[in-house]
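> I would like the atomic coordinates for the input below:
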Amino acid sequence: MDAFRTMLAGGHPNSLGRTEAVVAMVLDDPARMDELYQCYFSDDAVVRLRTSSACKRVFAARPDWLPAYADRLLTEVAAIDQPSAKWTLAQLFDQHAERLTPAQRATATDVLIRNVHEEDDWIALNMSMKTLARWARRDPTIVPRVETRARALADDRRKSVAKGALKLLNAMDVSPL
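Numbers count the residues shown, from 1 in each chain. Got it, this is the predicted structure:
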């Protein structure tokens with residue numbers, strides 16, 4: 001665990017650092033996936049950010065590994081108060097929706113809706129709204145749970161957030177007014 005934490009630490013927060021090397025090591029030795037996952041619980045925000053990036057890459061390469069971590073992502077990682085964890089979950093939920101059980105998908109929906117209501121980070125908001133827009137087309141129960149917030153976000157000063165909210169409202173077939 002310390003090896004990956006050390007590899008993922010340091011440098012500029014917007015750089016990948018040694019993330020790709022960690023991903024390669026996990027893909028070469030699947031037994032180390034849990035070591036990577038445990039980096040989510042580092043005290044270092046940069047380590048957690050890069051852990052999100054690494055997990056996205058690992059699950060993109062090995063989507064069959066996601067089900068073993070789905071419940072933990074939905075509970076443990078969803079409880080992390082860091083925007084990168086929130087936007088990563090939104091992306092993972094969207095990319096791997098078919099790998100979630102109905103109960104997991106319901107929990108993922110709850111997480112996404114909570115993030116839309118509580119988060120202010122523009123990337124976390126946009127990724128959560130993007131996934132909800134896709135899911136709302138098949139799940140009309142999402143609409144009343146997020147409609148008012150999406151209308152408010154449609155007037156957000158940040159253009160990308162406002163645009164994302166409008167896309168969500170359109171996907172829900174709801175007027176932005």
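> which strands and helices lie in contact with the helix or strand where residue 168 lies?
If you go by DSSP states H and E, residue 168 is part of helix 159-171. Applying 3 or more Cβ pairs under 8 Å, 6 or more residues apart in numbering; DSSP states H and E, we find helix 159-171 packed against helix 122-136, helix 143-153. Glycine gets a C-beta too; all of them are placed from N, C-alpha and C.
> figure out which of these is closest to residue 93.
For those, the distance to residue 93 is smallest for helix 122-136, at 5.4 Å, taking Cβ to Cβ.
> got the angle for that closest one vs helix 159-171?
With axes from the mean of the first three to the mean of the last three Cα atoms, to 10 degrees defining the directions, helix 122-136 sits at 10 degrees from helix 159-171.
> what angle separates helix 122-136 from helix 143-153?
Helix 122-136 runs at 140 degrees relative to helix 143-153, counting by the same axes, to 10 degrees.
> give me the contacts around helix 122-136.
Contact with helix 122-136 is made by 83-84, 86-87, 90-91, 93-94, 97, 105, 109, 112-113, 115-116, 119, 142-143, 146, 150, 153, 158, 160-161, 164-165, 167-168, 170-172, as judged by Cβ atoms under 8 Å, 6 or more residues apart in numbering.
> quick check: mean pLDDT of it?
Average pLDDT, helix 122-136: 97.
> please save the CA atoms from it in PDB.
In PDB, the C-alpha atoms belonging to helix 122-136 read as follows (Å, rounded to 0.1, in the frame of the first residue of the first chain):
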ATOM      1  CA  TRP A 122     -17.900  22.400 -11.700                       C
ATOM      2  CA  ILE A 123     -16.500  19.100 -12.900                       C
ATOM      3  CA  ALA A 124     -18.300  17.000 -10.300                       C
ATOM      4  CA  LEU A 125     -21.500  18.800 -11.100                       C
ATOM      5  CA  ASN A 126     -21.100  18.400 -14.900                       C
ATOM      6  CA  MET A 127     -20.100  14.700 -14.700                       C
ATOM      7  CA  SER A 128     -23.000  13.900 -12.300                       C
ATOM      8  CA  MET A 129     -25.500  15.800 -14.500                       C
ATOM      9  CA  LYS A 130     -24.200  14.100 -17.600                       C
ATOM     10  CA  THR A 131     -24.700  10.600 -16.200                       C
ATOM     11  CA  LEU A 132     -28.100  11.600 -14.800                       C
ATOM     12  CA  ALA A 133     -29.200  12.900 -18.200                       C
ATOM     13  CA  ARG A 134     -28.400   9.600 -19.800                       C
ATOM     14  CA  TRP A 135     -30.100   7.600 -17.000                       C
ATOM     15  CA  ALA A 136     -33.200   9.900 -16.800                       C
END
